[in-house]
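A.B. asks: Pasted the sequence and its predicted model underneath.
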Amino acid sequence: MVISIGADHAGFKVKEMVKKILLEKGIEVIDHGTFTPDSVDYPDYIRPAALDVAKGIAEKGIGVCGSGIGAAITANKVKGIRAAQVLDVEMARLSVEHNNANFIALAERLTNENEIKKIVETWLNSKFEGGRHQRRVDKIE
């Protein structure tokens with residue numbers, strides 16, 4: 001599996017933590033930065049991660065900013081991306097099971113590191129239920 005990630009300065013610390021978790025699981029990571037905690041604009045890092053997913057370079061994507069809102073909005077502007085702002089484990093599970101989310105937006109300022117670890121684990125292990133949910137995903141597309 002390949003996961004593309006990107007973050008702004010407000011998500012830098014969590015991006016680095018998530019990257020380490022993914023690498024320890026043997027998941028290949030494409031890291032679009034940022035690579036320092038210096039102030040930057042989140043679309044410059046989130047959009048390339050979302051494009052990797054849309055182009056099939058990566059199977060999934062993760063964006064991190066302070067609230068997760070800007071990351072989700074940016075990723076969802078890319079055709080083929082179904083990004084969900086995920087603040088807890090239940091949202092992570094439902095984003096996949098019901099919405100087949102291929103991109104999650106995490107919030108460094110709103111979600112503690114232990115919860116983020118659980119979110120990533122849940123998101124990776126959840127499966128799309130299909131059925132009536134497929135009909136809805138088709139309508140989104």
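C.D. replies: It's in.

A.B. asks: Surely residue 127 is in contact with residue 97?
C.D. replies: Yes. Assessed by C-beta atoms under 8 Å, residue 127 is found in contact with residue 97 at 6.9 Å. Heads up, the C-betas are built off the backbone N, CA and C, glycines and all.

A.B. asks: In terms of neighbours, single out the busier of these two.
C.D. replies: Neighbour totals were compared for residue 127 and residue 97, and residue 97 leads with 15 against 9 (other C-beta atoms under 10 Å).

A.B. asks: Local confidence estimate at the more buried one?
C.D. replies: Each residue has a pLDDT score; the one for residue 97 is 94.

A.B. asks: Return the residues in contact with it.
C.D. replies: Neighbouring residues of residue 97 by C-beta atoms under 8 Å, 6 or more residues apart in numbering: 126-129, 133.

A.B. asks: ok, which stretches of this structure are helices?
C.D. replies: 12-24, 43-54, 69-76, 89-97, 113-125, 132-140 (DSSP state H).

A.B. asks: Distance to residue 61 for those helices - can I get that in CSV?
C.D. replies: Below are these laid out as CSV (distance: least, C-beta to C-beta, whole Å):
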stretch, distance to residue 61
helix 12-24, 11
helix 43-54, 4
helix 69-76, 7
helix 89-97, 12
helix 113-125, 11
helix 132-140, 17
